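S.K.: sequence plus predicted model, see below.
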Amino acid sequence: MRRYEYLKGGAFVSNKTNLAFLNAYIELDNICSEKFGASRGGVTDYINRLISQRSIPDRNEILPVLVRYRNIRNRMAHETDALNHIKDVSASDVRWIKSFMKDVSRGKDPLSVYYRRI
């Protein structure tokens, strides 16, 4: 496995970022599954709940980000050698997932806030 991949423009991207992204996503997926009672696909369940409830606070900001991250995760999981070839993941994406994961764990995410209000 190559540790670094050379990109156009002379930049190097570490596979560590892709691995960190995938690990953070899996952890978020598990937390969402546990918190919202999904047997599997916790992030997908979260997305589906956001889609079905248009009055959830911050829905329009969170939904496209989660959909993008789920699509990246699916590519990583299903495309051959994707961890070495996906170039659209950054450290800020990993930080966003980890921050959102903390919000979900603490009940401060949009869906938890919505459910407390109804």
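M.R.: Structure's in. What do you need?

S.K.: tell me where the chain has strands.
M.R.: 4-6, 12-14 (DSSP state E).

S.K.: mean pLDDT lowest for which of those strands?
M.R.: Ranked by mean pLDDT, those end with strand 4-6 at the bottom, a mean of 45.

S.K.: contact partners for Trp96?
M.R.: Val65 (CB atoms under 8 Å, 6 or more residues apart in numbering). The way it works is simple: take the backbone N, C-alpha and C, and place the C-beta from them, glycine included.

S.K.: tell me how far it lies from Arg75.
M.R.: Using CB to CB, to the nearest Å, we find Trp96 at a distance of 18 Å from Arg75.

S.K.: so what's Asp109 closest to, chain neighbours aside?
M.R.: Spatial nearest neighbour of Asp109, excluding adjacent residues (CB to CB, 6 or more residues apart in numbering): Asp103 at 4.2 Å.

S.K.: so, low pLDDT: which residues of this protein?
M.R.: 1-14 (pLDDT under 70).

S.K.: select the longest helix from it.
M.R.: Secondary structure of the chain per DSSP state H: the longest helix is helix 15-36.

S.K.: list the contacts of it.
M.R.: The contact list for helix 15-36 (CB under 8 Å, 6+ apart) reads 1-5, 38-43, 45-46, 49, 69-70, 72-73, 76-77, 83-84, 86, 89-91, 93-94, 97-98, 100-101, 104-105, 111-112.
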